[in-house]
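# Kindly generate the corresponding structure for this input.
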Amino acid sequence: MVKRRRERIFLVYSLIILSLYICSILTFGTLNVEFHDFRFTLFLFLISFLFEVLSIKTLQFTHGKVETSASLIANIAAVFLLNPLEASLLSALSGITYKLIRITKEKYPVSRYIFNFSQVALSSYFAGITYHTLADQSAVWNIFVVLVSSLVYFSFNNLFVLFAVYILSGEGIHETISKVVSGPVMSMGLLIPVIAVVYILYQYVGLLAIPVSLAAVLSIQIGNYYRYKYYEAKLEHLKLLAKSLEEKDKYTRGHSERVAELARAMAKKLGFSPKMVERIYNAAFLHDIGKIGIPDHILKKPTILSKEEMTVVKSHPVMGEEILAEVDIFRNRESKWVRHHHERWDGTGYPDGLKGEEIPLQSRIIAVADVYEALTSDRPYRKALTRDEAKEIMMKMKGTVLDPKLVDLLFEILDEREEKDL
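Have a look, this model is predicted:
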């Protein structure tokens with residue numbers, strides 16, 4: 001019911017943008033800029049379509065994707081090569097054509113097509129108005145105008161996307177802004193300097209500048225693609241190691257994944273960006289990876305550990321840090337969070353005896369999630385505790401073992417989940 005309501009609101013939102021586009025055309029017209037030869041316009045359309053087809057997902061973590069489309073370059077090129085109406089229709093139609101071709105693989109509601117067409121068209125139209133109003137005979141000045149026009153396109157486009165995500169996701173405005181900034185804003189912003197280079201090249205080599213820029217951007221995208229594929233392979237390998245370690249003991253099976261889910265929920269509640277939430281999730285998933293260096297007879301011992309055995313167990317955060325530090329992207333972040341996940345709020349934890357807020361916030365999140373999951377799971381020496389029993393114990397740990405605010409946050413999240421389930 002809620003989803004349908006959001007879809008209806010989104011359809012109205014998309015139609016409003018389309019209406020604004022039509023009203024803008026009626027108000028501003030084409031600024032008396034002449035229409036170009038159909039073959040020239042068709043050539044630009046095909047290039048723009050090619051940019052859409054060859055867009056590559058440059059960043060893909062376990063639960064999130066960021067796609068960098070080089071179509072922005074073609075859209076802004078159309079802005080300084082065509083009149084505003086032509087540029088807006090060309091940009092919007094090239095994108096929508098690609099989506100219509102893929103309709104058998106990816107079926108979207110009609111509202112998505114209206115939105116994609118109208119927001120690109122309106123963004124391109126205002127960018128075209130800006131360019132043709134400010135441009136003159138000076139090539140140097142026009143480079144600045146191209147950048148300003150790009151920012152106009154960039155601003156309108158991302159503003160429309162921001163409200164679209166806000167309407168469809170049902171998330172808070174703060175979380176929506178974080179999601180859009182870390183995705184479309186970042187990926188599109190990186191292409192703006194490239195547009196200035198394309199304009200400069202156009203002055204010397206003409207339309208050849210556009211396919212040349214496509215080749216350059218494509219090579220960067222392919223490099224990023226394989227870089228993150230390598231990162232993902234490393235991450236999946238480490239997760240498999242963590243899972244295989246847990247599979248040896250029925251009492252710890254699935255522990256890391258459950259800790260990671262709780263840590264993710266806490267990170268979201270604290271307002272971290274989607275990217276940071278994912279990093280915390282990964283660190284929580286891998287928080288016990290260092291135990292791979294601890295002998296099984298110690299890990300599986302059903303009775304109390306000796307002092308010497310406890311010393312061996314206490315080495316696992318440091319070993320975990322060393323393992324994660326082998327992955328460049330984890331060094332000094334996830335590796336440090338794992339190192340400190342057994343520090344205590346009162347400073348009596350290990351390995352470094354950090355106290356209070358000296359302990360990284362991410363490590364404190366993992367610690368709270370880790371303790372709760374351990375208490376509510378079966379162990380060789382006791383049955384799993386109920387949520388209320390775990391809460392009673394953890395309330396006593398506030399201010400000594402665990403961050404008091406994070407303990408409260410965890411049970412606030414659990415209470416909200418219980419209310420939803422009722």
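# is it true that residue 331 touches residue 323?
No - here residue 331 does not reach residue 323: they are 11.2 Å apart, not a contact under C-beta atoms under 8 Å. Placement of C-beta: from N, CA and C, glycine included.
# More neighbours: those two, which one.
residue 323 (19 against 13; other C-beta atoms under 10 Å).
# how close does the more buried one sit to residue 132?
With distances taken as C-beta to C-beta, to the nearest Å, residue 323 is found 58 Å from residue 132.
# Please apply the same query to residue 318.
63 Å.
# So those two - more neighbours on which side?
Taking neighbours as other C-beta under 10 Å, residue 318 and residue 132 compare with residue 132 leading, 21 against 16.
# Assumed that one was part of a helix.
Yes - Residue 132 sits within a helix when classified using DSSP: H, G, I helix; E, B strand; the rest coil.
# Give me the pLDDT value at residue 398.
Looking at residue 398, its pLDDT reads 92.
# now do residue 349
Looking at residue 349, its pLDDT stands at 93.
# which ones are touching it?
342-343, 359, 401 (C-beta atoms under 8 Å, 6 or more residues apart in numbering).
# can you list the residues you listed in JSON lines and add pLDDT and neighbour count?
Shown next, in JSON lines, are the contacts of residue 349 (pLDDT from 0 to 100; neighbours: other C-beta atoms under 10 Å):
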{"residue": "342", "pLDDT": "94", "neighbour count": "21"}
{"residue": "343", "pLDDT": "95", "neighbour count": "25"}
{"residue": "359", "pLDDT": "95", "neighbour count": "22"}
{"residue": "401", "pLDDT": "93", "neighbour count": "20"}
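# and of those residues, the nearest to residue 173?
Closest approach between these and residue 173, by C-beta to C-beta: residue 359, at 30.3 Å.
# Verify the stated contact: the closest one with residue 348.
No - the pair residue 359 / residue 348 is not scored as a contact, 11.9 Å apart, by C-beta under 8 Å.
# Now the common contact residues for those two.
If you check residue 359 and residue 348 against C-beta under 8 Å, 6+ apart, no residue is contacted by both.
# Next, work out how far apart residue 160 and residue 242 are.
Using C-beta to C-beta, residue 160 is found at 41 Å from residue 242.
# How about residue 111?
42 Å.
# more crowded one of these two?
When residue 111 is set against residue 242 and neighbours are counted by other C-beta under 10 Å, the residue ahead is residue 242, at 22 against 19.
# element containing that one, please.
In the assignment (DSSP states H and E), residue 242 maps to helix 209-247.
# State the next helix or strand along the chain beyond that helix.
Criterion used, DSSP H and E; the element after helix 209-247 is helix 255-269.
# so where is the stretch 51-200 of the chain shaky, pLDDT-wise?
54-70, 102-107, 170-172, 175, 178-190 (pLDDT under 70).
# same thing but 50
Across the stretch 51-200 of the chain, residues meeting the criterion (pLDDT under 50) sit at 56-68.
# That one: helices as residue ranges?
Applying DSSP state H, counting those that start in this stretch to the stretch 51-200 of the chain gives helices spanning 71-81, 84-101, 110-134, 139-169, 173-180, 186-189, 192-205.
# Let's have these in JSON lines, adding distance to residue 266.
Below are the helices of the stretch 51-200 of the chain laid out as JSON lines (distance: least, C-beta to C-beta, whole Å):
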{"stretch": "helix 71-81", "distance to residue 266": "36"}
{"stretch": "helix 84-101", "distance to residue 266": "37"}
{"stretch": "helix 110-134", "distance to residue 266": "32"}
{"stretch": "helix 139-169", "distance to residue 266": "19"}
{"stretch": "helix 173-180", "distance to residue 266": "14"}
{"stretch": "helix 186-189", "distance to residue 266": "24"}
{"stretch": "helix 192-205", "distance to residue 266": "35"}
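# which stretch among these comes nearest residue 290?
When the helices of the stretch 51-200 of the chain are compared (using C-beta to C-beta), the closest one is helix 173-180, at 30.9 Å.
# From residue 88, how far out is the closest residue to residue 84 other than its chain neighbours?
In this structure, residue 84 finds its nearest non-sequential neighbour in residue 128, 3.0 Å apart by C-beta to C-beta, 6 or more residues apart in numbering. With distances taken as C-beta to C-beta, residue 128 is found 6 Å from residue 88.
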